[in-house]
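A structural model of the following input is requested.
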Amino acid sequence: MEKENDLSNYRKVYQKSELDHSNVPEDPITLFQRWFYEVEQSGSVDEVNAMTLTTIGLDGFPKSRVVLLKRFNENGFVFFTNYNSEKGKAIAANPHVCLSFFWPAMERQVIIKGTAHKLAENLSDGYFESRPRGSQLGAIASNQSEPLESREILEDKLKNLEQEYHGKEIPRPTYWGGFTVEPHSVEFWQGRPNRLHDRLLFKLNDHYSWDLKRLNP
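Presented below is the predicted three-dimensional model:
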């Protein structure tokens, strides 16, 4: 009989912080910024901007993958990708997505539901120009999410591109760029003792202001 992997004895006591209305701003972006830089300054996370992006695929199934947050402000959260990739096609068909950040060292999680929109082309151009040349060429070399017969084919393609663009400016491919996720709701989770965690939910109302409520853990 196959042995069962029983993880029921895994335990962790959450007690590093708390989250209460008394120390929460009126909008979630301000609170996200506070949390983000607190985690960054703690030095406890390698990539503070790593987030899980969940989309609804063309096959009807949700799919999650880790991408990197590159910018955020009152308009939303920005990441970059190949628009022809699996996630790019999924967003084109259904722009409703979810972003989540988990910072275990700080016992914090943020879950963002929102609508993804393509970033303005000039902003995608600006970010593409800031990338290392290897990353720029990699964006051209990879037909992201498409089948690949061998690693060697991809590496040969990159070598050919290095020769083609030697000493030249590398243009941003039209199929590569940014998405802005405009938030509809933002939930902040702070671990607390006895599994009585703090959960505060900001939800955008019809007047484009934020309603705040506490949720049961």
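
mind saving the C-alpha coords of the lengthiest strand in the chain as CSV?
Counting by DSSP state E, the longest strand found in the chain is strand 176-190. The C-alpha atoms that make up strand 176-190 are tabulated as CSV, following Å, rounded to 0.1, in the frame of the first residue of the first chain:
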residue,chain,number,x,y,z
TRP,A,176,5.7,41.9,-25.6
GLY,A,177,4.7,44.5,-23.0
GLY,A,178,3.0,45.3,-19.7
PHE,A,179,-0.3,44.8,-18.1
THR,A,180,-1.8,46.9,-15.4
VAL,A,181,-4.1,45.1,-12.9
GLU,A,182,-6.7,47.6,-11.7
PRO,A,183,-7.8,46.4,-8.3
HIS,A,184,-11.5,45.8,-7.4
SER,A,185,-10.7,44.3,-4.0
VAL,A,186,-7.6,44.0,-1.9
GLU,A,187,-7.4,41.7,1.2
PHE,A,188,-4.7,42.0,3.8
TRP,A,189,-4.0,38.9,6.0
GLN,A,190,-1.8,39.1,9.1
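
Tell me the buried residues in it?
Under the neighbour-count criterion of 16 or more other C-beta atoms under 10 Å, strand 176-190 has 176-181, 183, 185-190 buried. The C-beta positions use only the backbone N, C-alpha and C, and glycine is treated the same way.

same thing with stretch 70-82?
Here stretch 70-82 shows 71-72, 76-82 as buried, counting by 16+ other C-beta under 10 Å.

now swap in stretch 31-48 and tell me
For stretch 31-48, by 16+ other C-beta under 10 Å, it's 31-32, 35-36, 39, 45, 48.

Any chance you could list what contacts that stretch?
24-25, 49, 68, 72, 103, 105-106, 108, 110, 186, 188, 202 (C-beta atoms under 8 Å, 6 or more residues apart in numbering).

So which of those residues sit within strands?
If you go by DSSP E, the contacts of stretch 31-48 have 68, 72, 103, 108, 110, 186, 188, 202 in strands.

okay, those residues in CSV with pLDDT next?
Converted to CSV, the ones in strands among the contacts of stretch 31-48 look like this (pLDDT from 0 to 100):
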residue, pLDDT
L68, 98
F72, 97
W103, 96
R108, 96
V110, 98
V186, 98
F188, 98
F202, 98
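
ok, the spatially most central residue of the chain to D156 distance?
Residue closest to the average C-alpha location in the chain (C-alpha atoms, centre = their mean): M51, at 3.6 Å. Here M51 is placed at a distance of 33 Å from D156 (C-beta to C-beta, to the nearest Å).

repeat for H21
Taking C-beta to C-beta, one finds H21 at 58 Å from D156.

Strands of the chain, start to end?
Using DSSP E, strands in the chain cover 50-56, 62-68, 71-73, 76-82, 96-103, 108-118, 176-190, 198-204, 210-214.

got CSV for the ones you listed, with distance to F128 too?
Conversion of the strands of the chain to CSV gives the following (distance: least, C-beta to C-beta, whole Å):
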stretch, distance to F128
strand 50-56, 19
strand 62-68, 15
strand 71-73, 14
strand 76-82, 8
strand 96-103, 22
strand 108-118, 14
strand 176-190, 7
strand 198-204, 31
strand 210-214, 33
